[in-house]
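A.B. asks: how would this look folded up:
(one chain, ligands or ions: 1)
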Amino acid sequence: MVSSLLSFDSSPALSRPLTLAPTSALTPAVSAEALVRHARSPAPRYTSYPPANRFTTALADLDLNRAIAEDNLVRPGSAPAPLSLYLHLPFCAQRCWYCGCHTIITRRTAAAETYLDDLARELTLLHRQLDPARPVTQLHLGGGTPTFFPPEQLLRLAELLHRHFHFAPDAEISVEIDPRHLKPGHVDALRALGARRASLGIQDTDLAVQTAIHRVQPQSLNRDAVDALRAAGFYSLNVDLIHGLPRQTTATFARTLEDVLALHPDRFSVFAYAHVPWIKPAQRILENQHGLPSADERLDMARLARERLTAAGLVDIGLDHFARPADELARALSDGTLHRNFQGYTTRGGASLYGLGISSISATPDVYYQNIKDLPAYRAALDAGQLPVDRGHRLTDEDKRRRRLIMDIMCRRRLDFAALDTALGLNVRETYATEIASYADLVSEGFVELDDASLRVTEAGLPLLRVIASRFDPALAGTASRHSAAA
Ligand code: SF4
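C.D. replies: Down below sits the predicted model:
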C-alpha cells in the first residue's frame with residue numbers, strides 16, 4: 001500500500017541507493033551512465049522538508065499548543081483555513097514480507113474496536129484545539145488495512161468524524177483498499193463516509209512473485225474490487241505496484257502492467273521496493289529464501305513501467321506516480337497547482353494536515369509532528385489526556401525558504417527566480433549561489449537547464465527529481481558537492 005513506502009520517505013533507509021527509471025526521452029546529450037549514477041545518490045522523497053527522519057524528541061521545542069492555535073489564525077482569503085485529516089488504521093490479518101508500514105498483525109477484530117475507542121479519544125483531544133469553523137477538505141484512511149475494520153465499525157468511524165468536523169461539499173475522501181479484504185458491506189460503509197477515491201494495493205499479479213512475498217491475490221479479486229468500487233460511484237482509482245520484488249523479471253512485470261492496465265485505473269504508483277531489513281526484519285525472508293533482482297533488473301523494470309504507462313497515455317507526474325490526462329493530478333501538474341505533503345502528491349494545497357492514530361504525521365505551517373508508533377504507549381498518552389506525540393520539528397524561516405525551493409522543483413519542475421525573490425523576500429540567485437552553482441554537472445549532462453531567469457528540470461531529468469531537489473538540502477550538501485566534482 002502507499003503508506004508502506006511513504007513510511008520510508010524520510011527514514012535512514014534512503015541512505016541506501018534506490019534505482020530510478022531511465023527516461024525513454026533521452027536526448028543525445030544525456031548519457032544513461034550519468035542517469036544511473038545520479039539515480040543511485042541518496043535523496044529523500046521530500047514528502048516534507050525537512051524530512052521526518054530529522055524529527056527530534058525535543059517536544060518542548062515544538063510548543064504544540066501554540067502551533068495549533070496559530071494554525072487556527074491562518075485565514076486564506078479571510079476564510080478559516082481548511083483541514084486535511086489522515087487516519088492510520090494499522091491492522092492487517094497477515095504480513096506481506098516486503099511491508100514497510102507501521103502495522104499490527106492480528107486476526108482479532110476486537111482489536112479494531114478498541115482502537116476506534118482510542119481514535120475517538122484522540123479526535124476529542126484534537127478537536128478541542130481546532131477552530132470548529134475549519135472545513136475538512138481532505139480525508140485519507142491509510143494502513144494497515146482499513147477494511148480490516150468490519151463495515152459497522154467503519155460506519156462508527158464515519159459518524160465520529162462527521163460529528164466532530166464539518167466537511168466541505170467537495171471534500172476529497174480516499175481510502176487504501178486491499179482487494180483480498182473488501183466485502184460489499186465495506187463499500188457501502190465507505191460510501192457513507194463519503195469516500196469516492198480509493199487506492200488498491202496490487203503490487204504484482206504474478207503468482208510466483210505473490211507466493212514469494214506472502215501475498216497471494218488472484219487477478220479476479222482485483223477485478224471484483226474495481227467493479228464494486230466503480231459501481232458504488234468511486235470516480236478515481238489508483239493502483240500501487242512495486243518493482244524490485246523476488247521472482248520478478250522484466251517479462252513478469254510486463255505482464256503485471258498489462259493486467260493492471262486492463263483494470264483502467266486513473267492513477268498508478270509504481271514504487272521501487274525499499275529493502276530495509278534492519279528496520280523491518282521480516283524482509284530478510286525475501287533475500288534469504290529467494291534473493292532480490294539485481295540493480296540492473298530493477299532499473300529495467302522501472303524503465304519498462306515508465307515507457308509502458310506513458311505509451312498507454314498516462315502522464316508522468318514524477319516520483320513514481322502516473323495519472324490519466326483528465327485526472328486532477330495531471331491537470332494540477334499542467335496548471336502549476338500540484339502540491340506535496342506527507343501522503344505524496346496532492347491537488348489540495350493550503351490545508352494543514354492532522355494525522356490521527358499510531359505513527360501518523362501532522363503538519364501545521366510551523367510544526368511537523370509524528371504520533372507514537374507503539375500502540376500501548378500511544379494508548380497510555382491518551383489515558384493521560386495528552387495528544388500522543390512522539391517527535392517532531394519546528395520549522396525555522398530558513399527551513400521554510402528551502403522547503404519552497406525544494407517543493408517548487410518537486411511539484412513544478414522549475415524555479416522562477418523573480419517570482420521566488422518576491423515570495424521569499426530575498427535575492428534567490430545571490431542567497432543560494434552555492435547551491436545553484438552545484439547544478440553545473442546536471443546542466444552539462446542535460447538533466448537541468450539554467451539561466452538568469454529560471455532553473456528547469458528537463459524531460460530527461462524527470463527521473464532525478466528528488467536528486468535535483470536535494471541540492472537545496474544542506475544535510476545532503478556533501479552529496480551535492482560530490483556530484484559537482486564528478487562533472
Ligand atoms: S496489507 Fe501487507 S503491505 Fe499492506 S500494510 Fe498490511 S502487511 Fe503491509
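A.B. asks: give me the residue from the stretch 151-300 of the chain nearest the ligand.
C.D. replies: Nearest residue of the stretch 151-300 of the chain to the ligand, counting by CB to the nearest ligand atom: residue 178, 5.0 Å away. C-betas here are computed from N, CA, C, even on glycine.
A.B. asks: what's the burial count for that residue?
C.D. replies: Residues lying near residue 178 (other CB atoms under 10 Å) number 23.
A.B. asks: Quick check: closest non-adjacent residue to it.
C.D. replies: residue 145 (4.7 Å; CB to CB, 6 or more residues apart in numbering).
A.B. asks: wait, what's in contact with that neighbour?
C.D. replies: 1, 89, 91-93, 176, 178, 181 (CB atoms under 8 Å, 6 or more residues apart in numbering).
A.B. asks: quick one: it from the ligand, how far?
C.D. replies: In this view, residue 145 and the ligand are 5 Å apart by CB to the nearest ligand atom, to the nearest Å.
A.B. asks: For the residue nearest to residue 236 when sequence neighbours are not counted, name its beta-bridge partners.
C.D. replies: Distance criterion CB to CB, 6+ apart; nearest residue to residue 236, sequence neighbours excluded, is residue 197 at 4.4 Å. Beta-bridge pairing of residue 197 under DSSP bridges involves residue 174, residue 236.
A.B. asks: isn't residue 197 right up against residue 235?
C.D. replies: Yes - between residue 197 and residue 235 a contact is recorded at 7.4 Å, counting by CB atoms under 8 Å.
A.B. asks: Neighbour count for the two, which is higher?
C.D. replies: residue 197 (20 against 12).
A.B. asks: Show me what the helix or strand containing residue 257 packs onto, helices and strands only.
C.D. replies: Per DSSP states H and E, residue 257 falls inside helix 250-261. Under the contact criterion of 3 or more CB pairs under 8 Å, 6 or more residues apart in numbering; DSSP states H and E, helix 250-261 touches helix 219-231, strand 236-243, helix 295-311.
A.B. asks: and residue 62, backbone torsions?
C.D. replies: phi -70, psi -40 (degrees, to the nearest 10).
A.B. asks: oh sorry, the question was meant for residue 169
C.D. replies: phi -60, psi -30.
A.B. asks: And it, how close does it get to residue 136?
C.D. replies: Separation of residue 169 from residue 136 (CB to CB, to the nearest Å): 11 Å.
A.B. asks: More neighbours: the two, which one.
C.D. replies: Taking neighbours as other CB under 10 Å, residue 169 and residue 136 compare with residue 136 leading, 22 against 6.
A.B. asks: looking at the helices and strands packed on helix 250-261, which is closest to residue 386?
C.D. replies: Residue 386 lies closest to strand 236-243 among the helices and strands packed on helix 250-261, at 34.1 Å (CB to CB).
A.B. asks: okay, the angle between that closest one and helix 250-261?
C.D. replies: 170 degrees (axes from the mean of the first three to the mean of the last three CA atoms, to 10 degrees).
A.B. asks: Could you figure out how far strand 236-243 is turned away from helix 219-231?
C.D. replies: Using the same axes, to 10 degrees: strand 236-243 against helix 219-231 is 150 degrees.
A.B. asks: and strand 236-243, how far from the chain's centre?
C.D. replies: Taking CA atoms, centre = their mean, to the nearest Å, the mean C-alpha location of strand 236-243 is offset from the chain mean by 12 Å.
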